[in-house]
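J.: Have a look at this prediction, sequence included:
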Amino acid sequence: MLDIVRLRVIAAIAAHGSVTKAAKHLKYSQPAVSHHLARLEAETGARLVQRIGRGIRLTPEGEHLARRAAEIVGRVDTAAAELSAMVGLRTGRVRVAGFQSALAALIPHAAATLRRDHPGIELHLADAHPQVALSLLRDGQVDAAVIFRYDDTTPDDIRATHLFDDPMHLISLQPGQTLRDHRDSAWIAGCENCRREFVEACEGAGFTPHIVYTSDDVIVEQALVAAGMGVTTMPGLSLRTHRAPGIEATPLPDFRRRVYLATYGDPPDPPATTAFITALHDAIQQTRPGEPTPPSPSA
């Protein structure tokens, strides 16, 4: 039978890339990690790592075991948290992954409510793109994920609850403008993997945007607009995290992203997860993130 401690070790090595970093993450000594790794190889009869210069890398067998180990450790941790929660919400843990603007503008309100109502629950947060967050959810490494999609579909294996629509805005120097007003302007857009819906919105307005600057950082994008170097689009949640002086945010009809809470597995959710979900809905009522134009910093 494989030892859970040793499974934690190989999962940590895969996640952090070295024995030294895995030891730091697990709060073990480096020799202890090396010992557990050697014992795991002896127990499995497989070569799990190979030396590369002064470091190591996982063999194909090691990578396979590490993936399974991450799933197993996640499930064991979840079971421990659920068992703890069964005696009441005096103690417990909930692990949540979310995209950056949700973590900045929405989750802190939910965290404050959770701490007030259930001070014994530990909240762990991970900044993750929606696709990464769903992978963490499926692997049992988080209990819930706040994700967004630009269409109305969600993965069949995920329980997804629609939270609100996050309206997109044109960020420019003049109020009341449209995408088509900037068909000849320079555009600032996210990375190639993040700009598909933006390009489609522009093409729907009758033009292909001339993208001259690439950035996924809302501060950089707004600074470039404020300097007159181009225009961009941005969701409302991002505007709540930062709003540079001098820019104008104009809501764009029929261009929005849909924000969901995702959980995995059959209901009901563990009590600590349910408590977080309740706090999240309270936060949405408090902050009203679906409003078309977020308040300016001076409001």
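T.: All right, it came through fine. On a predicted model such as this, the values are computed, not experimentally measured, just so you know.
J.: What count of nearby residues applies to residue 54?
T.: The local packing of residue 54 (other C-beta atoms under 10 Å) involves 6 other residues. Placement of C-beta: from N, CA and C, glycine included.
J.: surely residue 94 meets residue 145?
T.: No - contact criterion C-beta atoms under 8 Å: residue 94 and residue 145 do not qualify, at 11.6 Å.
J.: Can you pull out the residues in contact with the strand or helix carrying residue 39?
T.: Element membership for residue 39, per DSSP states H and E: helix 30-44. With contacts defined as C-beta atoms under 8 Å, 6 or more residues apart in numbering, helix 30-44 is touched by 2-3, 5-7, 9-10, 12-13, 19-20, 22-23, 26, 28, 47-49, 61, 65.
J.: of those residues, buried ones?
T.: Buried members of the contacts of helix 30-44, counted by 16 or more other C-beta atoms under 10 Å: 6-7, 9-10, 12-13, 19, 22-23, 26, 28, 48-49, 65.
J.: and the direction of the biggest helix by length in the chain versus that of helix 30-44, what angle?
T.: Across the chain, the longest stretch assigned as helix under DSSP state H is helix 60-86. If you take axes from the mean of the first three to the mean of the last three C-alpha atoms, to 10 degrees, helix 60-86 sits at 110 degrees to helix 30-44.
J.: and helix 60-86, what other elements does it pack with?
T.: Applying 3 or more C-beta pairs under 8 Å, 6 or more residues apart in numbering; DSSP states H and E, one finds that helix 60-86 contacts helix 4-16, helix 30-44, strand 92-98, helix 271-287.
J.: Would you map out the domains in the protein?
T.: Domains of the chain are assigned by the TED database as 4-72, 81-164+258-287, 166-255.
J.: Mind putting those domains into CSV with mean pLDDT?
T.: Shown next, in CSV, are the domains of the chain (pLDDT from 0 to 100):
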stretch, mean pLDDT
domain 4-72, 90
domain 81-164+258-287, 90
domain 166-255, 95
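J.: Next, count neighbours for residue 39.
T.: Applying other C-beta under 10 Å, we find 14 residues neighbouring residue 39.
J.: swap in residue 283?
T.: For residue 283, using other C-beta under 10 Å, the count is 21.
J.: what's near enough to touch the residue lying closest to it once chain neighbours are set aside?
T.: Distances taken as C-beta to C-beta, 6 or more residues apart in numbering put residue 109 closest to residue 283, at 3.6 Å, once the chain neighbours are dropped. Going by C-beta under 8 Å, 6+ apart, residue 109 touches 282, 283, 286, 287.
J.: number of nearby residues for the first one?
T.: Yep, that's residue 282 we're talking about. Here the number of neighbours of residue 282 (other C-beta under 10 Å) works out to 16.
J.: ok, it - contacts?
T.: For residue 282, the contact set (C-beta under 8 Å, 6+ apart) comprises 109, 110, 113.
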